[in-house]
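Participant: Structure for this input, please:
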Amino acid sequence: METMKALLFKDIGKIDFEEIAFPHVSAQNQVLVKVAACGICGTDVKMLEGKHAYKKNVVLGHEFAGEVVEIGSAVTAVALGDRVALDNNSRCGVCEFCRSGQSSQCIELKNRTLGVFQNGGYAEYVLATEDVCFKIPDSLDDITATQVETLATVLNGMNIVQMQPYDSVLVLGCGPIGYLFAAIARNAGTKVVTTEIDPFRIGIAKKFGHPVLNPEECDLEAEVLRLTNGKKFDIVIDAIGTQLANAIKYVTPGGKVLAFGMDSSIDVTIKPYDITRNAIKVLGSYIGQNTMVPAIDMLDSKQLEMDNFFTETVSMKDGPAAFTKLGLDLNCMDHVAKSAMKIVLIP
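Facilitator: Predicted coordinates:
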């Protein structure tokens with residue numbers, strides 16, 4: 001039987017470089033993609049910690065791009081030789097959520113998501129369906145193209161929160177997601193402040209030129225009041241998944257909180273009175289929704305400051321060690337200081 005190399009998620013804390021079965025197109029709507037590059041997402045880190053939905057013995061990786069090398073007989077969206085970026089979430093298109101414009105809540109995602117429930121991009125090849133394959137121009141390089149799906153999720157959040165040029169924005173956390181939110185907010189002409197506790201990522205955030213606050217070294221609530229002349233922020237984005245209670249504290253009356261980051265291990269205590277009395281809008285955002293094409297356009301036109309986004313590329317076989325640089329030592333499952341923003345795996 002033909003095989004290929006892949007990083008296989010075995011269980012919490014365990015991901016191994018192995019030979020697995022080579023996938024082949026077996027349905028009319030399928031596409032086989034030769035992976036050019038795949039980013040390591042914070043979600044992958046959380047899956048390895050058991051803080052996100054996962055399935056054992058699945059190839060992780062949902063931030064990837066590559067070349068179409070085989071297609072099913074009914075495929076029309078892409079052709080052999082096309083370079084593509086992939087939305088890892090294939091929707092069914094017929095459930096009530098899909099048909100009412102809420103496809104991010106498709107009931108089939110629990111079975112279909114590449115890199116979570118189906119084999120993803122930590123491999124030499126990925127089998128997908130044509131609906132998740134988006135052609136990318138030759139002017140968009142493979143490394144940058146890995147972030148089409150990531151940016152698409154952020155753009156969906158931006159659509160939900162409806163940020164305006166006159167808004168003041170606080171982004172809680174400056175990992176890759178917080179980085180992208182801050183970059184877009186700066187493009188929109190808003191007043192932007194970010195928070196971060198990791199020294200490496202504080203250094204990256206400061207390169208934007210806007211204030212970066214470390215809540216472990218300052219009274220963050222006092223700083224919020226100082227920077228906004230007592231008003232607090234019009235929009236607060238939780239890019240971590242642990243900061244909803246704080247986000248509500250830092251948003252102005254009538255303002256908006258976007259709950260974006262995900263961490264299933266976290267419970268928070270909030271006072272509904274504070275939300276009601278201050279007319280705060282608490283909004284949730286999950287994955288992308290009709291935002292892959294805009295994400296491709298934005299990255300291709302170089303509208304965003306991405307120079308400091310990518311830290312390094314590593315070979316797939318060295319992938320397990322790369323998680324340490326992203327803050328999780330898989331040998332002992334301890335959190336360690338980060339030394340990277342975005343790491344991209346190359347097969």
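Participant: what does the model give the closest residue to I270 other than its chain neighbours for pLDDT?
Facilitator: Excluding the flanking residues, the one nearest I270 by C-beta to C-beta, 6 or more residues apart in numbering is A245, at 5.3 Å. C-beta coordinates here come from the backbone N, C-alpha and C atoms, glycine included. For A245, the pLDDT comes out at 97.
Participant: Mind telling me what element A245 is part of?
Facilitator: Taking DSSP states H and E as the definition, A245 sits inside helix 244-250.
Participant: Show me what that helix is in contact with.
Facilitator: Applying C-beta atoms under 8 Å, 6 or more residues apart in numbering, the external contacts of helix 244-250 come out as 170, 172, 220-221, 224, 232-233, 236-238, 257, 259, 268-270, 274-275, 280, 282.
Participant: Ok, stretch 323-330 next?
Facilitator: 13-15, 40, 42, 45, 48-49, 198, 311, 320, 334-340, 343.
Participant: where does the stretch 51-200 of the chain have low pLDDT?
Facilitator: For the stretch 51-200 of the chain, applying pLDDT under 70 flags no range at all.
Participant: okay, now the spatially closest residue to T146 that is not a sequence neighbour: neighbour count?
Facilitator: Of all residues not flanking T146 in the chain, G39 sits nearest, at 4.2 Å (C-beta to C-beta, 6+ apart). For G39, the count of nearby residues is 25 (other C-beta atoms under 10 Å).
Participant: per-residue confidence for G39?
Facilitator: pLDDT, G39: 98.
Participant: The residue most central in space within the chain in helix, strand or coil?
Facilitator: Centroid check for the chain by C-alpha atoms, centre = their mean gives T150 as the closest residue, at 4.1 Å. Secondary structure, DSSP: H, G, I helix; E, B strand; the rest coil: T150 is helix.
Participant: Tell me the helix or strand right after the helix holding A245.
Facilitator: Elements were assigned by DSSP H and E; along the chain past helix 244-250, the next helix or strand is strand 251-259.
Participant: Dump that next one to CSV, keeping only the CA atoms.
Facilitator: Extracted in CSV, the C-alpha atoms of strand 251-259 (Å, rounded to 0.1, in the frame of the first residue of the first chain):
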residue,chain,number,x,y,z
VAL,A,251,-15.6,48.1,27.2
THR,A,252,-17.5,51.4,27.2
PRO,A,253,-21.2,51.6,27.9
GLY,A,254,-22.9,50.9,24.6
GLY,A,255,-19.8,49.3,23.3
LYS,A,256,-19.1,45.9,21.8
VAL,A,257,-17.2,42.8,23.0
LEU,A,258,-16.2,40.2,20.5
ALA,A,259,-15.6,36.7,21.9
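Participant: Not counting sequence-adjacent ones, nearest residue to K5?
Facilitator: E124 (5.5 Å).
Participant: Spit out the contact partners of that neighbour.
Facilitator: With the criterion set at C-beta under 8 Å, 6+ apart, E124 makes contact with M4, K5, A6, K34, V35, P347.
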